[in-house]
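> Provided below for reference: sequence and predicted model.
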Amino acid sequence: MMYEGQEEIRKKEFPQLMERIWLNSAAYTPHATSVVEAMNQFINIFHIPSSGEDVIEMFENLNKEVYEGAAKLLDCSAKEISLINNTAHGLNFPLHGLDWEKGDNLVTSELEFPTNYLPWKYISKRKGVKFRAAKINENHQISEEEIIELIDDKTKLVSLSLVQFNNGQRVKTEEIIKAAHEHGALVALDAIQACGGIEVYPSKMDVDFVSAGGPKFLMAPLGIGLCYINKRIVETMDPPLQGTSNYDFTDQQWMKRNVVYLEGAKRFQNGTLPTYCVAGLNAALKLINSVGIKTVSNHNHSITQQLNEGFEDLGLKIITPHDKERRGALINVRIGENKDLMKIVATLEEKYKITISARYGGLRFSAQLFNTEQDTETAISALKEVLALS
């Protein structure tokens, strides 16, 4: 379960986790040392003002590195990457960028986080678009077959979470995307619970939009994230959020009035992004890419599989799919209707220094590249003790 160099990364990048167990990256990941250092470098530039070619060069190098790092992580072109403030920011591109007409419909599911549900209810009401949502089944999951059945020639967009925040289900996207495209619809994925924790390859999936905020498995600061926009559609729609940064002002001739959009997905960035957060994202991408997303993904699947098996041995119910191809880097375990979930979470934190979350009627455990086999063994043992006393 250990990978080459993990212990060195743990000691160097996550010294704050050497005496505790963090199985809560589906909520957020504590900053790596290199992420904090990268942010501080740029914070100091704004704190102690200076100007000149050295600062300009730093900005240029940072921008080049972060797009290249994102492209490496997602195995796509850097021209298909737009930086965003959060997951909702990226989902607003199709929300406000598509030409919705009365009678159109959109497809999502009842299992979604509000970010990928309420905006579609909003546009449905405002534009007269029919809102279709796949139901949650008896296994506390959603059916890809039902989603496909909801798609027809009037579907303009299918928007789903690649990995569900509450039960860890990874949606099988291939047939959904194929069906959507056959009917002329686009597909957007909320991937905040996937990118950085498991392999996500948008070009291979042939998806249209992938939006992922930074603070979870990407291990980046709040206020920054990644949006993939398929090169096939970049030039088919005007960026819905407008500002100076959509346009090509590389010559800094700010009085030009006939300026064109930037090339590629960058044209969807409408304003100044927090440079220190971009620097933090860049450092986080370097860390993930130094290990390799395939290694990270295999590692996280091993951690969640060990948790799966350990909790099942305790007689507990896992509502996350068992097949690793059907789940992300998190699982949800049900411990009984009469248990106080928040009290159990608090006890694990206070007595055992184990951090998890209560979600969707169960306990959510999530893994990232710093977790070890010992972490999972300790967590399983600690939960057994807590349940015996509760």
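It's in.
> and the chain, what are its domains?
6-30+293-389, 40-290 (automatic domain parsing).
> I'd like to know the average pLDDT value across the last one.
This predicted structure assigns domain 40-290 an average pLDDT of 95.
> can you list the domains of the chain in TSV and add mean neighbour count?
Placement of C-beta: from N, CA and C, glycine included. Listed next are the domains of the chain as TSV, based on neighbours: other Cβ atoms under 10 Å:
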stretch	mean neighbour count
domain 6-30+293-389	18
domain 40-290	19
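> Assign residue 158 to helix, strand or coil.
What DSSP: H, G, I helix; E, B strand; the rest coil gives for residue 158 is strand.
> so what's it bridging to?
residue 107, residue 187 (DSSP bridges).
> Doesn't residue 227 belong to a strand?
Yes - under three-state DSSP, residue 227 falls within a strand.
> Can you show me the strands along this structure?
Counting by DSSP state E, the segments of the chain that form strands are 21-22, 81-84, 105-109, 130-134, 155-161, 186-190, 209-213, 225-229, 317-318, 330-334, 354-355, 357-359, 362-366.
> Would you format those strands as TSV with distance to residue 252 included?
Shown next, in TSV, are the strands of the chain (distance: least, Cβ to Cβ, whole Å):
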stretch	distance to residue 252
strand 21-22	44
strand 81-84	20
strand 105-109	40
strand 130-134	45
strand 155-161	37
strand 186-190	34
strand 209-213	30
strand 225-229	26
strand 317-318	56
strand 330-334	45
strand 354-355	46
strand 357-359	46
strand 362-366	44
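> Which one, of the ones you listed, ends up nearest to residue 255?
strand 81-84 (26.0 Å; Cβ to Cβ).
> tell me what the closest one is packed against?
helix 53-74, helix 87-97, strand 225-229 (3 or more Cβ pairs under 8 Å, 6 or more residues apart in numbering; DSSP states H and E).
> of all the ones you listed, which lies closest to residue 114?
Using Cβ to Cβ, the helices and strands packed on strand 81-84 put helix 87-97 closest to residue 114, at 9.2 Å.
> What angle do strand 209-213 and the closest one make with each other?
Helix 87-97 runs at 150 degrees relative to strand 209-213, counting by axes from the mean of the first three to the mean of the last three Cα atoms, to 10 degrees.
> got the CA coordinates for helix 87-97 in CSV?
Taking Å, rounded to 0.1, in the frame of the first residue of the first chain, the C-alpha atoms of helix 87-97 are listed here in CSV:
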residue,chain,number,x,y,z
THR,A,87,-16.6,24.2,-8.8
ALA,A,88,-19.7,26.3,-9.2
HIS,A,89,-17.7,28.9,-11.2
GLY,A,90,-17.0,26.3,-13.9
LEU,A,91,-20.5,24.9,-13.9
ASN,A,92,-21.8,28.4,-14.6
PHE,A,93,-20.1,28.3,-18.0
PRO,A,94,-22.7,26.0,-19.5
LEU,A,95,-25.4,27.3,-17.1
HIS,A,96,-25.2,30.8,-18.6
GLY,A,97,-23.3,30.1,-21.8
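> roughly how far out does it sit from the chain middle?
14 Å (Cα atoms, centre = their mean, to the nearest Å).
> likewise stretch 219-234?
With Cα atoms, centre = their mean, you get 10 Å for stretch 219-234.
> and the end-to-end length of that stretch?
Start-to-end span of stretch 219-234 (Cα to Cα, to the nearest Å) is 27 Å.
> Export the helices and strands packed on strand 81-84 as a markdown table, with columns for distance to residue 162.
Below are those laid out as a markdown table (distance: least, Cβ to Cβ, whole Å):
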| stretch | distance to residue 162 |
| --- | --- |
| helix 53-74 | 12 |
| helix 87-97 | 11 |
| strand 225-229 | 11 |
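> Nearest to residue 158 among these would be which one?
Here helix 87-97 is closest among these (Cβ to Cβ), at 10.1 Å.
> Mind giving me the packing neighbours of the closest one?
strand 81-84, helix 118-127, strand 155-161, strand 186-190, strand 209-213, strand 225-229.
> what comes into contact with it?
Residues outside helix 87-97 that contact it (Cβ atoms under 8 Å, 6 or more residues apart in numbering): 82, 84, 115-116, 119-120, 123, 157, 159, 186, 188, 190, 192, 208-213, 225-227, 229, 237-241, 268.
> ok, for residue 186, nearest residue in space, not its chain neighbours?
residue 208 (4.3 Å; Cβ to Cβ, 6 or more residues apart in numbering).
> For residue 309, see how far away that neighbour is.
Using Cβ to Cβ, to the nearest Å, residue 208 is found at 37 Å from residue 309.
> got it, and residue 198?
Distance from residue 198 to residue 309, by Cβ to Cβ: 19 Å.
> do residue 173 as well
The gap separating residue 173 from residue 309 is 27 Å, by Cβ to Cβ.
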